[in-house]
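In: Kindly generate the corresponding structure for this input.
(2 chains)
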Number of protein chains: 2
Amino acid sequence: MKIDLNGILDSKRLAISRALSFVENTDNLNMEITDALFKHLGRAYRIGVTGPPGAGKSSLVDRIITYWRKQDKRIAVISVDPTSPFTGGAILGDRVRMGRHYADKGVFIRSMATRGNHGGLALRAQDAADIFDAAGFDIIVYETVGVGQVELDVAKAADTTLVVLVPESGDDIQAMKAGLMEIADLFIINKADRQGANQAFAQIQSMLEMRHPEKGLWSPQVIKTSALQDEGISKLTNALVEHRQFLGQHGIIRQNFKDRILLKIKSHIEEHVLHEFWTTERQHQLNEAMAAENVMGTLPGKIVKTLLEK
Amino acid sequence: MKIDLNGILDSKRLAISRALSFVENTDNLNMEITDALFKHLGRAYRIGVTGPPGAGKSSLVDRIITYWRKQDKRIAVISVDPTSPFTGGAILGDRVRMGRHYADKGVFIRSMATRGNHGGLALRAQDAADIFDAAGFDIIVYETVGVGQVELDVAKAADTTLVVLVPESGDDIQAMKAGLMEIADLFIINKADRQGANQAFAQIQSMLEMRHPEKGLWSPQVIKTSALQDEGISKLTNALVEHRQFLGQHGIIRQNFKDRILLKIKSHIEEHVLHEFWTTERQHQLNEAMAAENVMGTLPGKIVKTLLEK
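Out: Numbering: from 1, shown residues only, chains lettered A, B, ... in the order given. Model prediction:
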């Protein structure tokens, strides 16, 4: 066992940190974390926060932390940045934020970059969340940079997904509407003290009304906040509590849990199957076929066929 | 053979449309298009255009079309929208644009959404580009919505990647800098008549200077444009021509071509291997294991092991 299970269950910072590093640094997906923690999972509430860069996601999450810390909730933040293995921005920012909460044992903020493994990032973030869940954190926040597919995958893995926009996001809302509409449980218009907040609010409301949600489905809410002015935060946290209750009442929390496990199992199996397939011999054969002198002479489909017949 | 090869080579619109529909609608990746067109590929110049929503990418591409049409270049645009299978925005916009160029046989604009197959989108876009390449289009533009990972994958599959920003993108530049820095051959500050264009220009320039490009590597350029005012477009197209020459001189065009074929081959093989693995029996077994009464009793790692041993 590469992780200190008792240390994690006792919420020892060092044990948590080491387990997180293990998740980040192993090349292959693995089931070790899942299996080791499995019996201790399912207590934490997982919130995904996504939205365009500059929408103030980090500041908003900071306000949520402060708000819930007053109620003695323990909060972990997993800051996910899939755009680049070299992005220093988010990680630097997190050091600053970490510094602010350094003395507070009830807060843990961790950045995860991709190291070129985009497909696995959502799963690694899930492993990280499992560690915090087992360590007894009440709330786990996935915070993403950007609104691309990887970010959506991460945010969707949460129980509640927040999409954070700003009053100026009108064009964004048009451009991305369906993608965001599908995943958002709550829309936040942050920086709502700026011009255009009411229009953006109305715009989202009218888009939501155009949908005809099935009976028993959650109707996404739109909430105006200002992280800077500390406004709208209690309204936001109340909506989160409300959504979580809704999920619990409809058995969705449990279904989400099972869906996450299923995704982990499938991904792990598929990674293993492909790893087995790409023997040194097959890799060599592919390289040969692609070598300069050959590639234009052989149809790609034939290369595929030869490799699959091997 | 499901495609009309001669029709494509003769650049018949119907043949092209049908081949594009075939690429979009087949469930599995396939090598048919690649093999059929293989001997007729490699002539077109592929340009990827990415950047945040609202940066004016479509308008900019429109200006580029108009500019190059005057030189009698034939241009195809593949508008890629990975955020949602249901997004109507991009497709509606393309109908409007298509209408403008309807009578012009030298322009072809096509939207591709994902239908839930995110991983394959970049490859499908590549198949579509191959069709246009074989049909004798001089320039193929991949235009993406958003700046997430799928969009980057698409944009990276081009010979030249344009990152379009606006003067207000300061925060975005900070947040996404490394990811964009790595892929951009040209930075465009569009809507450069707005306040802050010079600051954004200087910001990108200074970031570029912090890098120490190896000798023989391309130094990305920063260009201010206003698609609305039709300004900076010839400067932009000149930079594109310059970059293409650079690629040709360094053998990169040919390497890109081979890399794209390699990716296609590997992806196709892997899809096939996984398809073979997931027999009805294994799928059934996984569903059983995940059924409500069992899931909490069995460790996920054991489910993985059982399925891999089958």
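In: Okay, helices next: where are they in chain A?
Out: Taking DSSP state H to define them, one finds helices in chain A at A:5-9, A:13-25, A:32-37, A:57-69, A:89-100, A:118-134, A:149-156, A:170-183, A:197-210, A:233-249, A:252-277, A:280-290, A:292-295, A:300-309.
In: Find the closest residue to chain B in the stretch 201-310 of chain A.
Out: Of all residues in the stretch 201-310 of chain A, A:Gly301 sits closest to chain B, at 3.6 Å by CB to the nearest CB. The way it works is simple: take the backbone N, C-alpha and C, and place the C-beta from them, glycine included.
In: picking up where we left off before, export the helices of chain A as JSON lines, with columns for mean neighbour count.
Out: Compiled in JSON lines, the helices of chain A are given as follows (neighbours: other CB atoms under 10 Å in any protein chain shown):
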{"stretch": "helix A:5-9", "mean neighbour count": "16"}
{"stretch": "helix A:13-25", "mean neighbour count": "17"}
{"stretch": "helix A:32-37", "mean neighbour count": "20"}
{"stretch": "helix A:57-69", "mean neighbour count": "21"}
{"stretch": "helix A:89-100", "mean neighbour count": "15"}
{"stretch": "helix A:118-134", "mean neighbour count": "24"}
{"stretch": "helix A:149-156", "mean neighbour count": "25"}
{"stretch": "helix A:170-183", "mean neighbour count": "20"}
{"stretch": "helix A:197-210", "mean neighbour count": "15"}
{"stretch": "helix A:233-249", "mean neighbour count": "16"}
{"stretch": "helix A:252-277", "mean neighbour count": "17"}
{"stretch": "helix A:280-290", "mean neighbour count": "13"}
{"stretch": "helix A:292-295", "mean neighbour count": "11"}
{"stretch": "helix A:300-309", "mean neighbour count": "17"}
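In: CSV please, covering those helices and showing distance to B:Met31 and mean pLDDT.
Out: Below are the helices of chain A laid out as CSV (distance: least, CB to CB, whole Å; pLDDT from 0 to 100):
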stretch, distance to B:Met31, mean pLDDT
helix A:5-9, 47, 95
helix A:13-25, 36, 89
helix A:32-37, 36, 88
helix A:57-69, 42, 92
helix A:89-100, 39, 54
helix A:118-134, 22, 84
helix A:149-156, 25, 69
helix A:170-183, 30, 59
helix A:197-210, 41, 85
helix A:233-249, 44, 96
helix A:252-277, 17, 89
helix A:280-290, 13, 91
helix A:292-295, 14, 56
helix A:300-309, 4, 90
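In: Now distance to B:Ile189 too, for those helices, in TSV please.
Out: Below are these laid out as TSV (distance: least, CB to CB, whole Å):
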stretch	distance to B:Ile189
helix A:5-9	48
helix A:13-25	35
helix A:32-37	44
helix A:57-69	24
helix A:89-100	20
helix A:118-134	28
helix A:149-156	25
helix A:170-183	17
helix A:197-210	25
helix A:233-249	35
helix A:252-277	40
helix A:280-290	39
helix A:292-295	39
helix A:300-309	39
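In: B:Ile64: which of these is closest?
Out: Of all these, helix A:170-183 sits nearest to B:Ile64, with 19.7 Å by CB to CB.
In: Could you find the closest non-adjacent residue to A:Ala135?
Out: A:Ser11 (4.4 Å; CB to CB, 6 or more residues apart in numbering or on different chains).
In: circling back: mind checking the helices of chain A for the one nearest to B:Trp218?
Out: Comparing the helices of chain A by CB to CB, helix A:292-295 comes nearest, at 22.2 Å.
In: how much space between the residue nearest to A:Ala135 and A:Asp4?
Out: 12 Å (CB to CB, to the nearest Å).
In: Quickly list what's touching both of these two.
Out: The overlap between the contact sets of A:Ser11 and A:Asp4 (CB atoms under 8 Å, 6 or more residues apart in numbering or on different chains) is empty.
In: Bridged to the nearest residue to A:Ala129 once chain neighbours are set aside, which residues?
Out: The spatial neighbour of A:Ala129 that comes closest, neighbours along the chain excluded (CB to CB, 6+ apart), is A:Ile140 at 4.8 Å. Beta-bridge partners recorded for A:Ile140 (DSSP bridges): A:Arg46, A:Ala76.
In: What is the burial count for A:Ile140?
Out: A:Ile140 has 25 neighbours, counted by other CB atoms under 10 Å in any protein chain shown.
In: show me what contacts it?
Out: By CB under 8 Å, 6+ apart, the contact set of A:Ile140 is A:44-47, A:75-78, A:129, A:132-133.
In: What's the PyMOL line that selects buried ones from those?
Out: This is how PyMOL selects the buried members of the contacts of A:Ile140, with burial counted by 16 or more other CB atoms under 10 Å in any protein chain shown:
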select buried, chain A and resi 44+45+46+47+75+76+77+78+129+132+133
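In: and which of the contacts of A:Ile140 is nearest A:Glu24?
Out: For the contacts of A:Ile140, with A:Glu24 as the reference and CB to CB as the criterion, the closest is A:Ile78, at 10.7 Å.
In: Quick check: the residue nearest to A:Ala129 vs chain B, distance?
Out: Distance, A:Ile140 to chain B, using CB to the nearest CB, to the nearest Å: 19 Å.
In: Show the model's pLDDT score for that residue.
Out: For A:Ile140, the model assigns a pLDDT of 97.
In: Output the set of residues of the stretch 201-310 of chain A in proximity to chain B.
Out: Counting by CB under 8 Å from any CB of the partner chain, the stretch 201-310 of chain A comes close to chain B at A:258, A:261-262, A:264-266, A:268-270, A:272-274, A:277, A:286, A:290, A:295, A:299-304, A:307-308.
In: let's see 10 Å
Out: Within the stretch 201-310 of chain A, the positions near chain B by CB under 10 Å from any CB of the partner chain are A:254-255, A:257-262, A:264-270, A:272-274, A:276-278, A:282, A:286-287, A:289-292, A:295-296, A:298-305, A:307-308.
In: Of the helices of chain A, which is nearest B:Gly106?
Out: By CB to CB (comparing all of these), the closest turns out to be helix A:170-183, at 27.4 Å.
In: so A:Ser11 makes contact with A:Val107?
Out: No - using CB atoms under 10 Å, A:Ser11 is not in contact with A:Val107, being 12.0 Å away.
In: For stretch A:276-285, give me every contacting residue.
Out: A:286, A:303, A:306-308, A:310, B:266, B:269-270, B:272-274, B:276-277, B:308 (CB atoms under 10 Å, 6 or more residues apart in numbering or on different chains).
In: which of those lies closest to B:Trp68?
Out: Nearest to B:Trp68 among these, with distances taken as CB to CB, is B:Lys266, at 33.5 Å.
In: The closest one contacts A:Leu307, correct?
Out: Yes - using CB under 10 Å, B:Lys266 is in contact with A:Leu307, at 9.3 Å.
In: before we move on, back to that, which neighbours do A:Ser11 and A:Val107 share?
Out: Each of A:74, A:137 lies in contact with both A:Ser11 and A:Val107 under the rule CB under 10 Å, 6+ apart.
In: Comparing the two, which shows the higher neighbour count?
Out: Neighbour totals were compared for A:Ser11 and A:Val107, and A:Val107 leads with 22 against 17 (other CB under 10 Å).
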